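> Attaching a predicted model along with its sequence, questions to come.
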Amino acid sequence: MRAALLIQRGGAGEAPREERFELDFEPGESVLDGLRRLRVSADATLAFRYACLNANACKECMMLLDGRVIYACTARLEPREMRLAPLPNKVLLRDLATVIAPPDERL
Amino acid sequence: MTHLEADVLIIGAGGAGMYAAIEAVRRGAERVLLLDRSLIGRGGATVMAQMTVAAAVGAGDHWEHHLADTLTAARGLADPALAALLCEAGAACILEMDEWRVGWARSGDALAAVQAPGHDRARCVYVDFLNTGPAVSRTLRAQVQRVGPAIRRLGEVAVTDLVVQDGAVTGAVALHVASGEALTIAAPATIIATGGLTRLYARNSASANMSGDGYALALRAGATLVDMEFVQFFPFGHLAPRLIGMDPIMWDPFRYKLGGRLLNGAMEDFLDRWGGDAEQGRYSTTRDLATYAITKENEAGRGSPHGGAWLSFTHIPEAELRAAFGPVVDKLAANGIDLTRDCIEVSPIAHYHMGGVRVDPRMRTDVPGLLAAGEAVGGANGANRLSGNAITEALAYGRTAGREAALLAAKGPVRGFAAGLALELLRASGPAVNTAAMVARLQRVMSEDVGPFRTAAGLDRAAAAVAELQAELGLAPPGVPGQPHDLARLDWLDLRQMLLVAAAVIRAARAREESRGAHQREDFPEMREEWRVNQLLRGEGLALSRQAVPA
């Protein structure tokens, strides 16, 4: 199956742009599986957060899928256009990565 | 650029790092800096541990019994003093965690315990079967917070080099990943608590940040690594169908509790063919033997469709499955798995590293000012780690290292700190290179040729591939410095460490011409008494020497 990920790119203070990436996937794979594969196959600079591998333990991979908050590790890839954006209420770092550390654990 | 100063610098905020921070303050340190690659208490292996924790805390048990089992599992290579510390101090830490309300499961007045393979009795405590690691992580994090401002927690910091001044470690240089800024940190005592190296392998059970970086930091600072050839593969990592939102080693506690059956492609029992027990519904085969059996069954053409083995719970009544798996049944249903009907496929997955930084029983490395704790330490588990010992080791060694670091810090601040070349690396700008693809290539190489079964030819092939990747990596990270959350650059800095650590594993594995525990050489299938020695590696040139196992 083939999904098209429309990913919001850019850093803080830049005008956000949307980039389209197509990728093949096996049924059952997560959005995080897809993003990690895109870094290998298409663009290593694509930025998103995760620490654990699809275990939903680190809770770092929150983002917007079609406007709804999801964990990228539990949302599944689907054979359609899927629009990914960073969390809107957090400070943007780059692309899909935002500042989510507790305030007293930041530099 | 930001410069920080601390009495005790702790690199890694898993079980070992957090326990070390708490203990350092208890022993008088006033400024502890606790760093993590990801967010505090969320990354690493501790939070991913879903299993049980071994500790001699039951009536009639004694840490010396636990020690005997640990040494037996280690196949003759463990350092008995380090193993004894794990078992003795570990039991005390488990009880202290109970006071901190981790929530160990109870059986009457005592802690509930189960018997895991390799133990002579029920010795493994747990919170609940899928929550032990998260509960340990959460409890320690809460305790760290309770200690107050003496512990400064700082997430998203990747330490790239230690600073060595007049032969002693006096701090570190790091990348603040969130901002892309370089940091320098001066401290009279530094603890490496970075965990293991599972990220070197394509299929692994820990977090993405277990890159072996602590081993590379130690080597570059002049410390010694021991037993680097012994990578533990967990036999029953989930293989198929795709399972998301869950840890790939989640099956084991259920197999353990319910007697899940391990079957080959023809749905036959097979463990006894390869030296394992005929389990008869019990769970008794050790990890190295189970890994061996699954691999050999596949080589004989009798594997499951994706190259593993079937795990079946279909013989267990639905009500019993529901009682054991609880809400996990629904998570599995969301993944299209109905255990009353479906078998799943499992295969060995990189899980833990027995080898690591060589320390004495006070967690001191060969380099003044540098300590290590947790999985980053080598020696306690020899050639094969006993089930349940990893969290115990993290807590016991963390506590020991924290105490020692406070003693060091009490001698006063560092005398000198010059970050030098390490800082220049973070300011350098190299050509664009797809570092994510290079990480994936390294993982493939390590999985194919440096897995549990090795040959001289395969290890030589891996060494050549690592050298090729090293040449491609070049001398400076891609892109420009100072960019927030720059994963391409971070991967470059990780690869710099991963390639050195991969080379260390390959070198030690190539030199050990025998099969023992987690290191199986198909060209030297026998375990040989003359190889009852530890292999040591020193320096970036990986100079190898051997020494008798400590008595």
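Noted; the coordinates are in hand. Because the structure is predicted, anything quoted here is derived from the model rather than measured. Residues are numbered from 1 along each chain as shown, chains lettered A, B, ... in the order given.

> Spell out which residues of the stretch 351-500 of chain B are next to chain A.
Contact residues (CB under 8 Å from any CB of the partner chain) of the stretch 351-500 of chain B with chain A: B:434-437, B:439-440, B:479, B:483-488, B:491. Where you see a C-beta, it was placed from the backbone N, CA and C, and this is true even at glycine.

> Among the residues you listed, name the buried ones.
Neighbour counting by 16 or more other CB atoms under 10 Å in any protein chain shown classes B:434-436, B:439-440, B:479, B:483-488, B:491 among those as buried.

> out of the residues you listed, which one sits closest to B:Arg153?
B:His485 (19.1 Å; CB to CB).

> hang on, the closest one in a helix?
No - counting by DSSP: H, G, I helix; E, B strand; the rest coil, B:His485 is not found in a helix; it is coil.

> State the distance from it to A:Leu23.
Noted for B:His485: a distance of 22 Å to A:Leu23, by CB to CB, to the nearest Å.

> Then B:Leu475?
On the measure of CB to CB, B:Leu475 and A:Leu23 end up 33 Å apart.

> Neighbour count: those two, which is higher?
Neighbour count, other CB atoms under 10 Å in any protein chain shown: between B:Leu475 and A:Leu23, A:Leu23 has more, with 18 against 8.

> in which helix or strand would I find the more buried one?
Assessed by DSSP states H and E, A:Leu23 sits inside strand A:17-24.

> Could you list the residues in contact with the next helix or strand after that strand?
Downstream of strand A:17-24, the next assigned helix or strand under DSSP H and E is helix A:31-41. With contacts defined as CB atoms under 8 Å, 6 or more residues apart in numbering or on different chains, helix A:31-41 is touched by A:3, A:5, A:21, A:23, A:25, A:46, A:48, A:50, A:54, A:61, A:65, A:70, A:72-73, A:75-77, A:82, A:84, A:96, B:242, B:244, B:434, B:436-437, B:439-440, B:487.

> so of those residues, which ones are in helices?
Counted as lying in helices by DSSP state H, out of the contacts of helix A:31-41, are B:436-437, B:439-440, B:487.

> thinking again about what came up before, just the buried subset of the contacts of helix A:31-41, please.
Here, 16+ other CB under 10 Å leaves A:3, A:5, A:21, A:23, A:25, A:46, A:48, A:50, A:54, A:61, A:65, A:70, A:72-73, A:75-77, A:82, A:84, A:96, B:242, B:244, B:434, B:436, B:439-440, B:487 buried among those.

> How about residues contacting stretch B:320-328?
Residues outside stretch B:320-328 that contact it (CB under 8 Å, 6+ apart) are B:129-130, B:246, B:250, B:254, B:257-258, B:313, B:329, B:332, B:339-340.

> change it to 6 Å
With contacts defined as CB atoms under 6 Å, 6 or more residues apart in numbering or on different chains, stretch B:320-328 is touched by B:257-258, B:329, B:339.

> Could you list the buried residues of the strand or helix carrying B:Ala84?
Take DSSP H and E as the rule and B:Ala84 turns out to sit in helix B:80-99. Across helix B:80-99, burial judged by 16+ other CB under 10 Å covers B:80, B:82-91, B:93-94, B:96-98.

> any idea which of these is closest to B:Gly214?
Ranked by distance to B:Gly214 (CB to CB), the buried residues of helix B:80-99 are led by B:Leu82 at 16.6 Å.

> was I right about the closest one contacting B:Gly378?
No - the pair B:Leu82 / B:Gly378 is not scored as a contact, 8.8 Å apart, by CB atoms under 6 Å.

> Give me the below-cutoff pLDDT ranges for chain B.
Where chain B drops to pLDDT under 70, the residues are B:129, B:276-284.

> Would you map out the domains in it?
Taking automatic domain parsing as the criterion, chain B consists of the domains B:237-348, B:421-548.

> in the stretch 151-300 of chain B, which spans are helices?
Assigned by DSSP state H, counting those that start in this stretch, the helices in the stretch 151-300 of chain B fall at B:213-221, B:251-258, B:287-299.

> Next, the buried residues of the shortest one.
Neighbour-count burial for helix B:251-258 flags B:251-256, B:258 (criterion: 16+ other CB under 10 Å).

> tell me the contacts of the residue of the stretch 301-450 of chain B with the smallest separation from chain A?
Distances between the stretch 301-450 of chain B and chain A by CB to the nearest CB are smallest at B:Ala436, namely 4.0 Å. Neighbouring residues of B:Ala436 by CB under 6 Å, 6+ apart: A:39-40, A:44, B:491.

> wait, which of those is closest to B:His119?
Checking these against B:His119 with CB to CB, the nearest one is B:Asp491 at 39.7 Å.

> my guess is the closest one meets B:Thr435, correct?
Yes - B:Asp491 lies in contact with B:Thr435 (CB under 6 Å); the separation is 3.6 Å.

> Need the three-state assignment for B:Ala462.
B:Ala462 ends up helix, using three-state DSSP.

> Identify the residues contacting it.
B:445, B:449-450, B:506.

> Tell me how far it lies from B:Asp449.
Distance from B:Ala462 to B:Asp449, counting by CB to CB: 4 Å.

> can you tell me how far the closest residue to B:Ile316 other than its chain neighbours sits from B:Thr132?
Sequence neighbours aside, B:Leu258 is the residue nearest to B:Ile316 in space, at 5.4 Å (criterion: CB to CB, 6 or more residues apart in numbering or on different chains). Between B:Leu258 and B:Thr132 the computed distance is 18 Å (CB to CB).
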